[in-house]
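S.K.: Let me see the structure of the following:
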Amino acid sequence: MVGKKKGVPEWLNSPLWSSNPPNDRIFSSYDTGTLSPDPPPSPPPPPPKEPSPSRPGLDGAHRSEIRAPARESSQSWSWPEDESLEAQLLVDFQITLSKRIINLGELRRLACQGIPQSLRPTVWKLLLGYLPLDQTMWAHELGKKHNQYKTFKDEFLLYPSEITSRMEASEGSKYEELNCLQRLGLLSRSEIKNGEHPLSLAKTSVWNQYFQEKEILEQIERDVNRTHPEIEFFSGGSSFARANQEALRHILVIFAKLNPGIKYVQGMNEVLALVFYVFRNDPDETDAACAEADTFFCFSELLSVFRENFCKQLDNTVVGIRSTIAKLSQLLKRHDEELWRHLEVTTKVNPQFYAFRWITLLLTREFNFTDCLRIWDTLLSDPEGPHETLLRICCAMLIRVRRRLLAGDFISNLKLLQNFPTTNINHILHVANKLRGPTVD
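M.R.: Modelled structure (predicted):
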């Protein structure tokens, strides 16, 4: 057994930590190590050392689903009975979702183990509070939300000239007089309302608002165009990909206009893409057709949970992103002081150098698409809440590569953490489960 070092948790010294895997089975959509709700059960035995990156990645079926993952999916260690466990998990989900009133605690317990692809759209909507737990209310609530989103599109996605045309049309006889004057060439400057003039500086001018927002709109356009270029779902020039990009633009523009305190922050497109991908691939074609509206509300709910991370005014407060990063640092110090000291004291690797992106983008840039879906299953369902769960996963990522970090200097460690290596995602979630404990103050 490895000798215990000061500041190293006892469980990290287990010989199982570096043992060989029982077999080399391809990564599954389901995690056999459960992260159950309050009180959490004893975690499963520690998984083995990550396998060689040269081993096969996703099988053909998964590749057609994701279309072109950024990196190989992680490999899973598993026991022979895993397939039967996965089948049982699917049955358990179906039973839970078949009830008129869905038990949220039971749904969370199941979702922490990984959600079947076909059920993920519905389960995520429930976990985010978009769908009520009473299934008899779904049709009514969805109808209201879809109508509300249509209203948002009509209000916020019109070009200013279209808005002024509608304003003119609503004025009845005054509109007819305006047309008559235009035909006669007798329209004077006094006849043109400030809000309808492209050069107006009035706060109520739709043109003035348009030009002020132009920079944000251009940033959204750039970011959407480069969202997952390796995945055909978002790129490739097909009409399907273009329609998906257009949906992302609509959602981000509407969100920015409805949330002037945050507007649009670069990187939101990465978070949005994951939600939209799940909903657009709903096996129910009717639900898939409404993916844009459903995604908007679920994306808004998700960002409301992490709102402080995107609000620059809160950066230096006790709830801002810097405070969150400080909590991650303290979490690492509490669970692995040796690693914390080497990173922050010896090699001077400030956690802001790598954790800012991890936290604000909810790990969407650190793992391939399939693994991100699995991480989010846990992130959205863990009873400790997404904030604490995200910090535990980030801390687990550091512990997962601790040997390389302890052997590295500033440059090598920073490069490693800014380009996190392909790893067994079940392993990361297992370690995160071991880090449960009181909230870091």
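S.K.: Could I get the full set of helices for the stretch 101-250 of the chain?
M.R.: Taking DSSP state H, counting those that start in this stretch to define them, one finds helices in the stretch 101-250 of the chain at 104-111, 120-127, 138-156, 160-169, 173-184, 206-225, 239-258.
S.K.: Could you look over these and pick the most buried one?
M.R.: Comparing the helices of the stretch 101-250 of the chain by mean neighbour count (mean count of other CB atoms under 10 Å), helix 120-127 comes out on top with a mean of 23. Heads up, the C-betas are built off the backbone N, CA and C, glycines and all.
S.K.: Identify the residues contacting it?
M.R.: Residues from elsewhere that reach helix 120-127 (CB atoms under 8 Å, 6 or more residues apart in numbering): 93, 97, 102, 104, 107-108, 111, 115, 131, 133, 275, 278-279, 281-282, 284, 287, 294, 298, 373, 376-377, 380-381.
S.K.: try 6 Å
M.R.: Applying CB atoms under 6 Å, 6 or more residues apart in numbering, the contact partners of helix 120-127 are 111, 115, 131, 278-279, 282, 380-381.
S.K.: tell me the two of those residues that are most distant?
M.R.: Spanning the widest gap among the contacts of helix 120-127 are Asp282 and Ser381, at 18.5 Å by CB to CB.
S.K.: the more surrounded of the two?
M.R.: Taking neighbours as other CB atoms under 10 Å, Asp282 and Ser381 compare with Ser381 leading, 25 against 20.
S.K.: How about the contacts made by that one?
M.R.: The contact partners of Ser381, by CB under 6 Å, 6+ apart, come to 108, 111-112, 127.
S.K.: So for the residues you listed, which is the shakiest by pLDDT?
M.R.: Sorting the contacts of Ser381 by pLDDT puts Cys112 at the bottom of the list (93).
S.K.: Next, that one: phi, psi?
M.R.: Phi and psi for Cys112, reported as degrees, to the nearest 10, are phi -60, psi -20.
S.K.: pretty sure it contacts Trp376?
M.R.: No. Counting by CB atoms under 6 Å, Cys112 does not reach Trp376; the two are 11.4 Å apart.
S.K.: Surely Asp92 is in a helix?
M.R.: Yes. Asp92 forms part of a helix when assessed by DSSP: H, G, I helix; E, B strand; the rest coil.
S.K.: Quick check: closest non-adjacent residue to it.
M.R.: Nearest non-adjacent residue to Asp92, counting by CB to CB, 6 or more residues apart in numbering: Leu110, 5.7 Å away.
S.K.: Same check on Ile262?
M.R.: Using CB to CB, 6+ apart and skipping the chain neighbours, the partner closest in space to Ile262 is Phe310 (5.2 Å).
S.K.: How many residues are close by the one you found?
M.R.: Phe310 has 20 neighbours, counted by other CB under 10 Å.
S.K.: Relative to Phe296, how far out is it?
M.R.: For Phe310, the distance to Phe296 (CB to CB, to the nearest Å) stands at 16 Å.
S.K.: Equivalent analysis for Leu405, please.
M.R.: The gap separating Leu405 from Phe296 is 40 Å, by CB to CB.
S.K.: neighbour count winner among those two?
M.R.: Shown here are Leu405 and Phe296; by other CB under 10 Å, Phe296 has more neighbours (25 against 20).
S.K.: Show the secondary-structure elements that the helix or strand hosting that one is packed against.
M.R.: In the assignment (DSSP states H and E), Phe296 maps to helix 291-305. Using 3 or more CB pairs under 6 Å, 6 or more residues apart in numbering; DSSP states H and E, the elements in contact with helix 291-305 are helix 138-156, helix 268-280.
S.K.: Put the alpha carbons of it into PDB.
M.R.: What follows is helix 291-305, C-alpha atoms only, in PDB (Å, rounded to 0.1, in the frame of the first residue of the first chain):
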ATOM      1  CA  ALA A 291     -37.000  22.500 -29.300                       C
ATOM      2  CA  GLU A 292     -36.200  26.200 -29.800                       C
ATOM      3  CA  ALA A 293     -38.900  27.400 -27.400                       C
ATOM      4  CA  ASP A 294     -38.300  24.700 -24.800                       C
ATOM      5  CA  THR A 295     -34.600  25.400 -25.000                       C
ATOM      6  CA  PHE A 296     -35.000  29.100 -24.400                       C
ATOM      7  CA  PHE A 297     -36.900  28.600 -21.100                       C
ATOM      8  CA  CYS A 298     -34.600  25.800 -19.800                       C
ATOM      9  CA  PHE A 299     -31.500  27.800 -20.800                       C
ATOM     10  CA  SER A 300     -32.900  30.800 -19.000                       C
ATOM     11  CA  GLU A 301     -33.600  28.700 -15.900                       C
ATOM     12  CA  LEU A 302     -30.100  27.200 -16.000                       C
ATOM     13  CA  LEU A 303     -28.400  30.600 -16.300                       C
ATOM     14  CA  SER A 304     -30.500  32.000 -13.500                       C
ATOM     15  CA  VAL A 305     -28.900  29.400 -11.200                       C
END
